[in-house]
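>>> task: produce atomic coordinates for the following.
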Amino acid sequence: QVQLVESGGGLVQAGASLRLSCAASGRTFSSYSMAWFRQAPGKEREFVARIAWSNGSTHYADSVKGRFTISGDYAKNTVYLQINSLKPEDTAVYYCAAGPAITIATMTSPGRYPYWGQGTQVTISS
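Presented below is the predicted three-dimensional model:
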């Protein structure tokens, strides 16, 4: 049974940094993509970043490029999201997701990912 467990969220001031973690278990993820999405109150779930486990390639939403970095520790089956220069508009629940056969064309669609974590709340105060 696949499990994704996020951690690292919290309440921080604007301009601060956070590192979110997603620990994955339950199967081999070598052919999977791992991604981060976020959902702010009253808004749809939004793609943030993706890493292809097979070759380590990364992709980002335009809104977070330059401030967010996704990375993976294959030995620990853990994916990280480093967030710098946090802004109030980054406030959201951040979700980790995993799925097979994810492409650049499909990586932004939540429906393409069969596995999800429970989410971790990130709140930025101005």
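
>>> tell me who's in contact with the most centrally placed residue in the chain.
Central residue of the chain (CA atoms, centre = their mean): Trp36, 1.8 Å from the mean position. Contact partners of Trp36, counting by CB atoms under 8 Å, 6 or more residues apart in numbering, are 20, 22, 48-50, 68, 70, 79, 81, 94-97. In short, each C-beta sits where N, CA and C put it, glycine included.

>>> doesn't Gly72 lie inside a strand?
Yes: inclusion of Gly72 in a strand is indicated when DSSP: H, G, I helix; E, B strand; the rest coil is applied.

>>> shouldn't it be in contact with Trp53?
Yes: counting by CB atoms under 8 Å, Gly72 touches Trp53, with 6.7 Å between them.

>>> what residues do these two have in common as contacts?
Common neighbours of Gly72 and Trp53 (CB under 8 Å, 6+ apart) are Met34.

>>> re earlier: is the residue nearest to the centre of the chain in a helix, a strand, or coil?
Relying on three-state DSSP, one would call Trp36 strand.

>>> check it and give its pLDDT.
Here, the pLDDT recorded for Trp36 equals 98.
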